[in-house]
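Asker: following is a predicted model, sequence given first.
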Amino acid sequence: MRAYDYYALDSYRAPFVTVGQPPPVVRWPRVADGRNGPARRGVSGHGAAPGHASGPVRILRSPSGLQPGEVLVARSAGPGWLPLLTAASAAVIDDGAPLSEIAVACRDLGIPCVVACVDASSRLVAGQEVVVDGSAGTVRPESTVDPLPGRMLASEISEANTA
């Protein structure tokens, strides 16, 4: 039921400020985009190994089959997953802690790692290009990342040209 409530509430926009008793959730405005998609906004957790890396998401249920440069996304990872880290550009783990085996191995190898994301393996889409920030503990879709602060993204430039 908690997972259902979590995703159901994700389709509403919470009021910024309320005075007195807040209105019931069903009176909150709905998010305009039909696919409000957490995969579009990204996920967050605890930064376990500093650094930035990008690549396509590869969601694995067992320790096998990771291609070089892919971002490893898993529900949990123990010592059996350590050989995969040499091919991964970053690691995103639903469970875990900053002192888990996978986090320590990522720090030793210099690979960005985000742990305790809770539901990254179900929110991210396989093959989606993401940027992992191991220092801040965030995983964002590559299309929402501004490579140079103060500069316009390509989508914003095309919108500005058509207006």
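Answerer: Now that the structure is in, tell me what you want to look at. Residues are numbered from 1 along each chain as shown.

Asker: quick one, what contacts residue 83?
Answerer: residue 63 (C-beta atoms under 8 Å, 6 or more residues apart in numbering). For glycine as for every other residue, the C-beta is placed from the backbone atoms N, C-alpha and C.

Asker: domain ranges for this protein?
Answerer: As given by automatic domain parsing, the domain ranges for the chain are 1-36, 38-144.

Asker: return the most buried member of the ones you listed.
Answerer: Each of the domains of the chain was scored by mean neighbour count; the highest is domain 38-144, a mean of 19, by mean count of other C-beta atoms under 10 Å.

Asker: dump the domains of the chain to JSON lines, plus mean pLDDT.
Answerer: Listed next are the domains of the chain as JSON lines, based on pLDDT from 0 to 100:
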{"stretch": "domain 1-36", "mean pLDDT": "75"}
{"stretch": "domain 38-144", "mean pLDDT": "89"}
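
Asker: just confirm residue 23 contacts residue 17, I think it does.
Answerer: No. Using C-beta atoms under 8 Å, residue 23 is not in contact with residue 17, being 12.0 Å away.

Asker: neighbouring strands for the longest strand along the chain, and are they parallel or not?
Answerer: Ranked by residue count, the top strand of the chain under DSSP state E comes out as strand 52-60. Counting by DSSP bridges, the strands paired with strand 52-60 are strand 71-74 (parallel), strand 129-133 (antiparallel).
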